[in-house]
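**Q** Prediction below, plus the sequence it came from.
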Amino acid sequence: MKFLKKKFILKNNLISFDINDDVTKKVTDFYKDSPFPNYKRDDNKITILEKGNKNILAAQFKKFIGYNKNVLEVGCGTGQISIYFSIGTNNNVIGLDPTKESLNLASNFSIKNKIDNVKFVNADIFDDVLKEDFFDFIWCSGVLHHTKDPQAAFNIICNSLKKEGYILIGLYNKIGRIRTIIRKYLYRILGENFLKLIDPTLRNLKNDPEEQKAWIRDQYIHPVESLHTTDEVLKWFNENNIDFISSIPECDFDDGGYDNLFEKKSVGTLYSRIVNQISMIFNSLGSDGGLFVLIGKKK
Ligand SMILES: C[S@@+](CC[C@H](N)C(=O)[O-])C[C@H]1O[C@@H](n2cnc3c(N)ncnc32)[C@H](O)[C@@H]1O
């Protein structure tokens, strides 16, 4: 495999490495009981394509990738985004995750649905198994805040990004996640039924107990979680030769919306960035868990 720098064992479309780090093992133990985000019983190639097309961020990313590219998803969980990026393209897509149980679901789903341009790598970011300067696009959302050292993990994944390649990072925001933090304390005191009244995502999942369970575990009882700011990630970008392209929420005031996330936007001022992160508390970004996203391009 051209994209790996370590020896590996390949079984079907799954490559496995040993997971040894204690913090990573704590996280994989957590996900193995309830792989995230998991599939619905009737999911198939068409439903994954439809769900991906409805996700503005993933749909724009896929369109911008185009064809014939090397694409990496770090922390792919059960692999929906990797599979979505593969469907109908000739891209070479790799999904990496240390949770074997999640990757087994991803691998079985892609084989059953005859999606043959995706492979899965069961590995820990910190074991640094990927070749340098290989990928044209890297997607890593909802992952680094569940690791022992998010900045070190970011540095490692940047090494495998090619010059002029794009990286998307999604992390929990220190300000924007306040509503979830408050709900977490109320859940501990008042229980799950109360949580169902105050968490809008849970209310939307009311017909699916498995998805509700996965969401509650992921948002409210995760054993490893950290919070970050836009300025922190801008500093990581700077230290890794990554040029800021755009973000959600925007860095500047009223900077044209999210219709073209790959068009370079203004980085704003410290004031505008803080105000925009505070505004997350009052919009859907804050009610859905406070995830913020930055896109960068390697110089
Ligand atoms: C909340 S899930 C997100 C899954 C997927 N990215 C999504 O947005 O649906 C976090 C994922 O990060 C993975 N993860 C945690 N620690 C990791 C590490 N050290 N290296 C790679 N992935 C890791 C977990 O196994 C899990 O699948």
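**A** Nice, I can see it.
**Q** longest strand in the protein, by residue count?
**A** The longest strand of the chain (DSSP state E) is strand 161-172.
**Q** distance between the very next helix or strand once past that strand and the chain's centre?
**A** Remark: after strand 161-172, the chain's next helix or strand is helix 178-190, criterion DSSP states H and E. On the basis of CA atoms, centre = their mean, to the nearest Å, helix 178-190 sits 23 Å off its chain's mean C-alpha point.
**Q** what does helix 178-190 rub up against?
**A** Residues from elsewhere that reach helix 178-190 (CB atoms under 8 Å, 6 or more residues apart in numbering): 194, 195, 198, 199, 216, 219, 220, 281, 286, 287, 289, 290. Where you see a C-beta, it was placed from the backbone N, CA and C, and this is true even at glycine.
**Q** and the last one, how many neighbours does it have?
**A** Which is residue 290. Using other CB atoms under 10 Å, residue 290 has 23 neighbouring residues.
**Q** How much space separates it from the ligand?
**A** For residue 290, the distance to the ligand equals 13 Å [CB to the nearest ligand atom, to the nearest Å].
**Q** next one: the third one
**A** Going from residue 198 to the ligand by CB to the nearest ligand atom gives 21 Å.
**Q** cool, the fifth one as well?
**A** Separation of residue 216 from the ligand (CB to the nearest ligand atom): 13 Å.
**Q** Go through the strand or helix carrying that residue and flag the buried ones.
**A** Element membership of residue 216 [criterion: DSSP H and E] is helix 209-220. Buried residues in helix 209-220, counted by 16 or more other CB atoms under 10 Å: 211, 212, 214, 215, 216, 218, 219, 220.
**Q** you'd agree the third one is up against residue 39?
**A** No - counting by CB atoms under 8 Å, no contact exists between residue 214 and residue 39, whose distance comes to 10.9 Å.
**Q** what stretches of the stretch 1-150 of the chain score poorly on pLDDT?
**A** 1 (pLDDT under 70).
**Q** Would you mind naming what in it lies close to the ligand?
**A** 24, 27-28, 31, 36-37, 74-77, 97-99, 102, 124-126, 141-143, 146-147 (CB under 6 Å from any ligand atom).
**Q** In strands only, show me these.
**A** Using DSSP E, those in strands are 74, 97, 141.
**Q** among these, who's most crowded?
**A** Busiest of these [other CB under 10 Å] is residue 97, holding 28 neighbours.
**Q** Please name the nearest non-neighbouring residue to it.
**A** Once flanking residues are discounted, residue 97 sits nearest to residue 76: 5.0 Å by CB to CB, 6 or more residues apart in numbering.
**Q** OK, contacts around that neighbour?
**A** So residue 76 contacts 82, 95, 96, 97, 102, 103, 106, 120 (CB under 8 Å, 6+ apart).
**Q** The last one looks like it's in a strand, true?
**A** Yes - going by DSSP: H, G, I helix; E, B strand; the rest coil, the assignment for residue 120 places it inside a strand.
**Q** In the sheet, which residues pair with the residue positioned nearest the centre of the chain? Tell me.
**A** With the centre of the chain defined as its mean C-alpha position, the nearest residue by CA atoms, centre = their mean is residue 141, 1.8 Å away. In this entry, residue 141 is beta-bridged to residue 170, by DSSP bridges.
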